[in-house]
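Student: got a predicted model here, sequence first, then my questions.
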Amino acid sequence: MSTPTVVVIGATSAIAEQIARLYAAQGAHLFLVARNNDKLDIIAKDLKVRGAASVDFIVADLADFNSHKKIVDQAVKCLGDISHLYVAHGTLPDNAACEKEPQQAIAEINLNLNSFISLLLHFAEHFRTQQHGTMVAISSVAGDRGRQSNYIYGAAKGGLSIFLQGLRNRLFVDNVHVATVKPGFVDTPMTAAFDKGPLWVSPQTVARLIARGVAKRRNVIYVPGFWRLIMLMILHIPEFIFKRLKL
């Protein structure tokens, strides 16, 4: 089995950092991307201690679409062949604030959807040239059905899931696997203000489940798996009932 060569975009996020740790334990070569240099430096040093063969990183504002080709070029320069790509950046917008300021809603859509599309399309050309590899993007169960409490975020993640379906279809002939990850409630700094219940899980658990699903070449990975059933039930609520619910 060859040594993994892994690109992690949004590497300072809780889930992405845990994914990087799993690959570090395998002696992987890692290339990290995020916007905070100090956090990246700390994470890179930690991953080396955990067994990574090499860790390189680049600081980038992922909302700046002009930086995306540079990210791909630098990743290829450092790793050459890329076995895995994880795209895991993003924000959890304040839905009420977005409703009052539509430009804020557009900015959130740009980061949580359009920047993913741009990055994935740039990397797709490299993977097509390789004729192998795995591309993984973090979507969300929020994208399965629009709810009044988070439909701005849900719209971005729903659009991302549809995009990934098409990309998966396109790259299948090139022996490139595209995985859609749909986490439920994850206890991270981004969700610190939320009350936690029995459906919440840790980033470590989510990372392990993602890695397991990717290893099995699953197309859509609900994490934890019970969210597949929950969302199936939610999807089957008739619209005339659903629109009356306070969700």
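Tutor: Perfect, thanks for sending it.

Student: quick one, longest strand in this structure?
Tutor: When the chain is parsed with DSSP state E, its longest strand is strand 176-183.

Student: that one pairs with which strands?
Tutor: Sheet pairing of strand 176-183 (DSSP bridges) gives strand 133-138 (parallel), strand 220-223 (parallel).

Student: which strands and helices sit next to the lengthiest helix in the chain?
Tutor: Counting by DSSP state H, the longest helix found in the chain is helix 151-171. Applying 3 or more Cβ pairs under 8 Å, 6 or more residues apart in numbering; DSSP states H and E, one finds that helix 151-171 contacts helix 95-100, helix 102-109, helix 115-130, strand 133-138, strand 176-183. (Each C-beta comes from the backbone N, C-alpha and C, glycine too.)

Student: which residues sit against the longest strand of the chain?
Tutor: With contact meaning Cβ atoms under 8 Å, 6 or more residues apart in numbering, strand 176-183 is reached by 15, 124, 127-128, 130-141, 143-144, 160-161, 164-165, 167-168, 171, 206, 210, 213-214, 217-223, 227, 231.

Student: skip ahead from it and say which helix or strand is next.
Tutor: Next helix or strand after strand 176-183 toward the C-terminus (DSSP states H and E): helix 203-215.

Student: pLDDT of that next one, averaged?
Tutor: Averaged across helix 203-215, pLDDT comes to 97.

Student: with just CA atoms, put that helix into CSV.
Tutor: C-alpha atoms of helix 203-215 as CSV (Å, rounded to 0.1, in the frame of the first residue of the first chain):
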residue,chain,number,x,y,z
PRO,A,203,-14.9,15.8,15.7
GLN,A,204,-12.8,12.8,16.4
THR,A,205,-15.7,10.5,15.9
VAL,A,206,-16.7,12.3,12.7
ALA,A,207,-13.2,12.0,11.3
ARG,A,208,-13.0,8.3,12.0
LEU,A,209,-16.4,7.7,10.3
ILE,A,210,-15.4,9.8,7.3
ALA,A,211,-12.1,7.9,6.9
ARG,A,212,-14.0,4.6,7.1
GLY,A,213,-16.5,5.7,4.5
VAL,A,214,-13.8,7.0,2.2
ALA,A,215,-11.8,3.7,2.5
